[in-house]
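# Got a sequence here, can you model it:
(chains A, B and C)
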Amino acid sequence: MQPEPAERIWQVMAMIPKGRVASYGQIAALAGMPRHARLVGRTLRELPRGSRLPWHRVVNASLKISQRPGSGGHLEQRRRLIAEGVEFVGERIPKAYRWDAGA
DNA sequence: GATTTGACCGGAG
DNA sequence: CCTCCGGCCAAAT
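You can find the predicted model right below:
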């Protein structure tokens, strides 16, 4: 039987290299469900706090953190990314940090 | 069961 | 930078 969609999402997410970021749509596409970016977002929202998955490496297509600015999650994600060497220009992450699957 | 909402996307204007 | 739109899908109202 086919792996559950959420499971494939977790799998793809787990392969994002440290110090790089990927978009929701990108994850969805790599998980074999193009245009299902929203499902990815929902899946991340439901992740337990102690997950070992690099959820912080997932940002929106504009290369900005998608969580509500000012929220704990937003600050947490930003902190973790910076800790990995990812830079921020204002709210935006330079395109150079975008993960190229298969590069 | 219809409507709204949400850690979304891409195109158009 | 902004809004509006159509697509997608699950959970909450």
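# What mean pLDDT does the lengthiest helix in chain A get?
If you go by DSSP state H, chain A has its longest helix at helix A:72-83. Averaging pLDDT along helix A:72-83 yields 94.
# element containing residue A:10, please.
Assigned by DSSP states H and E, residue A:10 falls within helix A:5-14.
# one step back: quick one: the longest helix of chain A near DNA strand B?
Yes: judged by C-beta under 7 Å from any atom of the strand, helix A:72-83 and DNA strand B are in contact via A:73, A:77. Using the backbone N, CA and C atoms, a C-beta is placed for each residue, glycine as well.
# What of stretch A:20-31?
Yes: using C-beta under 7 Å from any atom of the strand, stretch A:20-31 reaches DNA strand B at A:23, A:24, A:25, A:26.
# Where does the residue of chain A found nearest DNA strand C sit: helix, strand or coil?
Nearest residue of chain A to DNA strand C: residue A:38, at 3.7 Å (C-beta to the nearest atom of the strand). Look at residue A:38: counting by DSSP: H, G, I helix; E, B strand; the rest coil, its state is helix.
# Neighbours of it, how many?
Residue A:38 has 11 neighbouring residues, counting by other C-beta atoms under 10 Å.
# That one - nearest residue in space that isn't next to it in sequence?
Closest residue to residue A:38 apart from its sequence neighbours, by C-beta to C-beta, 6 or more residues apart in numbering: residue A:24 at 7.5 Å.
# hang on, isn't that neighbour packed against residue A:60?
Yes: in this structure, residue A:24 is within contact of residue A:60 by C-beta atoms under 8 Å, at 6.2 Å.
# shared neighbours, the two?
residue A:66 (C-beta atoms under 8 Å, 6 or more residues apart in numbering).
# The two: which has the busier surroundings?
Shown here are residue A:24 and residue A:60; by other C-beta under 10 Å, residue A:24 has more neighbours (22 against 15).
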